[in-house]
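Asks: Build the 3D model from these lines:
(one chain, ligands or ions: 1)
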Amino acid sequence: MSLGAIPGTGPNTSPLPVIRKSKVKTLADLPTDRTLVMGILNVTEDSFSDGGAYLSADAAIDRGLKLLYSGADIIDVGGESTRPGAKDVDPELERSRIIPVIETLVKAGAVVSVDTMHVSTARAAINAGAHIINDVSGLTYEQGMPELIAETGVPYVLMHRRGTAQSMVAEANYENVVSDVIGELRTLRDEFVAKGVAPEQIIIDPGLGFAKDAEHNWALLGHLDAIEELGHRVLIGTSRKRFLGELLAESGTSRAPLQRDAATAATTVLAAKDQVWAVRVHDVVGSRDAIEVVKAYGSH
Ligand code: PMM
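Replies: Numbers count the residues shown, from 1 in each chain. Predicted coordinates:
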């Protein structure tokens, strides 16, 4: 096969930013001496920063391979937007968007996580070779999810969210956001463990931006160590989120999502210093470089 036949390397695509071809195929092969980078691949119409860009399987695979070759440790594939107010996507449509993409990326040697709230999609994704289920439904998880995770033994991202995409903005009320979120995560974790999920399978995510305003996000980012005390791997997703746009606003206008990658990399520095397990980002190179800086800083 000529190089041009590999998606992402043809004459009509932009050059790959950095080639660090990964040979890892399972989660166990991933590095343990640094924070990992999960690259975001949204096969959706309406995600806030990249909705519609990778809706065809070819475009999504191309993007996924670029993320992999530019240093992503994990590719997070999602077929349903989770932003506030997003429409629900029928699980059948969700599967038709993501399953061919998962199969190809797994064959290419990627560790794949799947961003889904649906048990039927999670099962199909695991059958297609996905390594991790990333479920953002939080307190409103679908019935049968703990049983599926217990039965298959796959790692599971248990993220904090109150309400649904439609209702979560109104639910951003906390006495103390750090202790409230940790308490609700602990209860959720205990429910999953009571249904047979091994504690080692669970990856905890505080769910920045999900039923959280900017102040809540900053408070949680400032207390990652307290979240780690739950005793699980911790994942965080700040990438291009609204609170960064608000921080960098000029004349009352929020910074555009595509102009938030430097601020995202700065949050990766904070996460890596707190030794979180992984960050979920659009700009993989920026976060990989930020993590290398923290590693070098920590070794002197
Ligand atoms: N954020 C989004 C989607 N999925 N999953 C996890 N585990 N954590 C997150 O913070 C998270 C997520 C929303 O961002 P996007 O629309 O850019 O994918």
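Asks: Buried residues of stretch 260-278, list them for me.
Replies: 260-261, 263-265, 267-272, 274, 276-278 (16 or more other CB atoms under 10 Å). In short, each C-beta sits where N, CA and C put it, glycine included.
Asks: how about it against the ligand, any contact?
Replies: No: using CB under 6 Å from any ligand atom, stretch 260-278 stays clear of the ligand, coming no nearer than 9.2 Å.
Asks: The ligand contacts on the stretch 101-250 of the chain?
Replies: Residues of the stretch 101-250 of the chain lying near the ligand (CB under 6 Å from any ligand atom): 115, 134, 136, 157, 159, 205, 207-208, 235, 237, 239.
Asks: can you pick the most crowded of those?
Replies: Asp115 (31 neighbours; other CB atoms under 10 Å).
Asks: Which one of the buried residues of stretch 260-278 is nearest to the ligand?
Replies: Ala278 (9.2 Å; CB to the nearest ligand atom).
Asks: Thought Thr32 was touching that closest one, still the case?
Replies: No: at 11.5 Å, Ala278 does not count as touching Thr32 under the criterion of CB atoms under 8 Å.
Asks: which residue packs closest to Glu103, ignoring adjacent ones?
Replies: Nearest residue to Glu103, sequence neighbours excluded (CB to CB, 6 or more residues apart in numbering): Ala128, at 5.0 Å.
Asks: hang on, I meant Thr238
Replies: Leaving out its chain neighbours, the residue that sits closest to Thr238 by CB to CB, 6+ apart is Thr267, at 4.2 Å.
Asks: Repeat that for Ile99.
Replies: Using CB to CB, 6+ apart, the closest residue to Ile99 is Ala128 (5.1 Å).
Asks: can you count the residues close to the one you found?
Replies: If you count neighbours by other CB under 10 Å, Ala128 ends up with 20.
Asks: Can you name the residues bridging to Val111?
Replies: Ile74 (DSSP bridges).
Asks: how close does it sit to Val285?
Replies: The spacing between Val111 and Val285, counted by CB to CB, to the nearest Å, is 18 Å.
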